[in-house]
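# Fold the following and give me the result.
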Amino acid sequence: MKPLGPIPPGFAVSGGVLAVAGVPVTELVARAGATPLFVYDAALITARVAALRAALPGRLAVHYAVKANPFAPLLAHMAGLVDGFDIASAGELALALATGIDAARISFAGPGKRDAELAAAIAAGITLNVESEGEAARALAIAEGLSHVPRLAIRVNPAFDLRGAGMKMGGGAKPFGLDAERVPALARRMIAAGADFRGLHIYAGSQALDAEAVIAAQRATLALAGQIGEEIGQAIPHLNMGGGFGIPYFHGDAPLNIAAVGAALAEGFAALPPALATTQFCLELGRWLVGEAGVYLTRIVDRKTSHGAVFLVTDGGLHHQLAASGNFGTVVRRNYPLAIATRMGAAAAEEANVVGCLCTPLDRLADNALLPRAEIGDIVAVFCAGAYGASASPAAFLGHGPAREMLV
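Numbers count the residues shown, from 1 in each chain. Below you'll find the predicted structure:
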């Protein structure tokens, strides 16, 4: 038996059926017309942002990383909750602007920005986090051609990383950002060229659950930003401190202690170096804000036994939930939080493998999980599906098409 991950708080049961935002999933599926279906709970997201603000110093702004979930109704909901949006492509820029988000609230990071993307960003008036001297030179040339003053920040590749992070974005040779020792010279060149210097972006890693590791990375971030400001010779106007807050996906995971993180940040802000005395600070979060508010619903279409093992075959799979299948950065496959949504409260009766409809052995949603006996027609719920689900999965693989999405 392989244990399932912990189901996030905030979900209810109605008559033995899982409910999202108080609505049974059977009714939500009927509204959508079919499974597979992603459902996002707006109230859980609102409460999550409120809890974060209560834990953090008031001076710290909250930005939403659009890559976590770019679903347009969800973006519109976030627009009333957070202070800024961080994007990573011209496609995400178009989504944000179409949602009505003010360009002044948007920043653009990511290696390999094409000239057309730089031009669109400069014309819109968003902040570009440049990732190299070459990208900065291209941005300045494009801005001159457009007769625009570009809003430019520098993404820094720090010498440290976020200890225990699922993905390390800093430390050593990385495709992300400019090595820290080269940042001051580039900043001075951009300022001399007439750019609106917007400060620094320092992102050390993601999916961390250890508060002490997050606190250590944030302390190092403040120290590095202060040092860079002194070497540039001017105050840093804005510092994106990254994020990296993780959520519990697997058995044994515990939630990140955001109260401890907030208290340490308050101490850090009380003893800032001169170059950061007037700086505007933000955290860039995606997964932590929306991940636990989403559920992926998929219906069992076949039940079969092979060599004594039970397989529950669903109409969904890795083409919608690549991460839950174990094929999105994990080395050893572990089970996400999962339940038979139409048999909530029923006693566990068997070990079963929940698999998708794709013709590949990689398409697994749960291995040897202890579950109530489920039959054809039952609905499976995969939790922690609000981030890096629909948009981070190969929806075109084998031609089954994308899942439906719904904000409730």
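# When you work out contacts or count neighbours from here on, use the C-alpha atoms and nothing else.
Will do.
# Okay, helices next: where are they in the protein?
Counting by DSSP state H, the chain has helices at residues 25-32, 42-55, 72-79, 90-98, 115-124, 133-146, 183-192, 211-232, 258-269, 287-290.
# Just put the ones you listed in a markdown table and tack on mean pLDDT, mean neighbour count and distance to Tyr203.
Supplementary listing: the helices of the chain in a markdown table, determined by pLDDT from 0 to 100; neighbours: other Cα atoms under 10 Å; distance: least, Cα to Cα, whole Å:
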| stretch | mean pLDDT | mean neighbour count | distance to Tyr203 |
| --- | --- | --- | --- |
| helix 25-32 | 98 | 16 | 37 |
| helix 42-55 | 98 | 17 | 19 |
| helix 72-79 | 98 | 18 | 22 |
| helix 90-98 | 96 | 17 | 19 |
| helix 115-124 | 97 | 19 | 21 |
| helix 133-146 | 97 | 18 | 18 |
| helix 183-192 | 97 | 18 | 15 |
| helix 211-232 | 94 | 20 | 9 |
| helix 258-269 | 97 | 18 | 16 |
| helix 287-290 | 98 | 27 | 15 |
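# how about these, which one is nearest Phe245?
Across the helices of the chain, the minimum distance to Phe245, taken as Cα to Cα, is reached by helix 287-290, at 5.8 Å.
# Okay, domains of the protein per the record?
The chain breaks down into these structural domains: 12-40+292-407, 70-285 (assignment by automatic domain parsing).
# Confidence-wise, which of those is weakest overall?
Ranked by mean pLDDT, these end with domain 70-285 at the bottom, a mean of 93.
# re earlier: what's the closest of the helices of the chain to Thr314?
Of all those, it is helix 25-32 that lies closest to Thr314, at 14.6 Å by Cα to Cα.
# Summarise which helices and strands that closest one is packed against.
Helices and strands in packing contact with helix 25-32 are listed as strand 17-20; criterion 3 or more Cα pairs under 8 Å, 6 or more residues apart in numbering; DSSP states H and E.
# one more time with 10 Å, if that's ok
Judged by 3 or more Cα pairs under 10 Å, 6 or more residues apart in numbering; DSSP states H and E, helix 25-32 is in contact with strand 17-20, strand 37-40, strand 294-306, strand 379-382, strand 404-407.
# Adding mean neighbour count and distance to Cys359, write these out as JSON lines.
Formatted as JSON lines, the helices and strands packed on helix 25-32 follow (neighbours: other Cα atoms under 10 Å; distance: least, Cα to Cα, whole Å):
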{"stretch": "strand 17-20", "mean neighbour count": "22", "distance to Cys359": "29"}
{"stretch": "strand 37-40", "mean neighbour count": "26", "distance to Cys359": "20"}
{"stretch": "strand 294-306", "mean neighbour count": "20", "distance to Cys359": "14"}
{"stretch": "strand 379-382", "mean neighbour count": "26", "distance to Cys359": "19"}
{"stretch": "strand 404-407", "mean neighbour count": "17", "distance to Cys359": "21"}
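# and of these, who's closest to Ala213?
Closest to Ala213 of the helices and strands packed on helix 25-32 is strand 294-306 (Cα to Cα; 26.5 Å).
# Sheet partners, orientation included, of that closest one?
Applying DSSP bridges to the sheet, strand 294-306 is found paired with strand 37-40 (antiparallel), strand 309-314 (antiparallel), strand 379-382 (antiparallel).
# Turn these into a markdown table, including distance to Arg48.
As requested, these are exported to a markdown table (distance: least, Cα to Cα, whole Å):
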| stretch | distance to Arg48 |
| --- | --- |
| strand 37-40 | 13 |
| strand 309-314 | 31 |
| strand 379-382 | 20 |
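# Tell me which of those strands lies nearest to Val354.
Among those, if distance is taken as Cα to Cα, the winner is strand 309-314, at 4.8 Å.
# For that closest one, buried residues please.
Along strand 309-314, these residues count as buried under the neighbour rule (16 or more other Cα atoms under 10 Å): 310-314.
# What is the nearest of the residues you listed to Arg343?
Looking across the buried residues of strand 309-314 and measuring by Cα to Cα, the closest to Arg343 is Leu312, at 14.3 Å.
# got the contact list for that closest one?
Contacts here follow Cα atoms under 10 Å, 6 or more residues apart in numbering; on that basis Leu312 touches 299-305, 352-356, 365-366, 373-376, 378, 380.
# and if you look at Pro36?
Under the contact definition (Cα under 10 Å, 6+ apart), the residues listed for Pro36 are 29, 296-299, 314-317, 320, 379-381, 402-405.
# do the same with His251
Applying Cα under 10 Å, 6+ apart, we find His251 in contact with 2-7, 334-337.
# what's the answer for Gln218, then?
For Gln218, the contacting residues are 162, 202-204, 212, 224, 241-243, 261, 264-265, 268, taking Cα under 10 Å, 6+ apart as the criterion.
# is it possible to export these to a markdown table including distance to Val49?
Conversion of the contacts of Gln218 to a markdown table gives the following (distance: Cα to Cα, whole Å):
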| residue | distance to Val49 |
| --- | --- |
| Leu162 | 23 |
| Ile202 | 22 |
| Tyr203 | 20 |
| Ala204 | 22 |
| Glu212 | 21 |
| Leu224 | 28 |
| Met241 | 17 |
| Gly242 | 16 |
| Gly243 | 14 |
| Val261 | 15 |
| Ala264 | 19 |
| Leu265 | 17 |
| Gly268 | 22 |
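# Check whether Gly316 really touches Tyr296, as I assumed.
Yes: with the criterion set as Cα atoms under 10 Å, Gly316 and Tyr296 qualify as a contacting pair; they are 9.0 Å apart.
# between the two, what contacts are shared?
Counting by Cα under 10 Å, 6+ apart, the common neighbours of Gly316 and Tyr296 are 35-37, 380, 403.
# Widest-spaced pair of those?
Spanning the widest gap among the shared contacts of Gly316 and Tyr296 are Val380 and Ala403, at 14.2 Å by Cα to Cα.
# I am finished for the moment; much appreciated.
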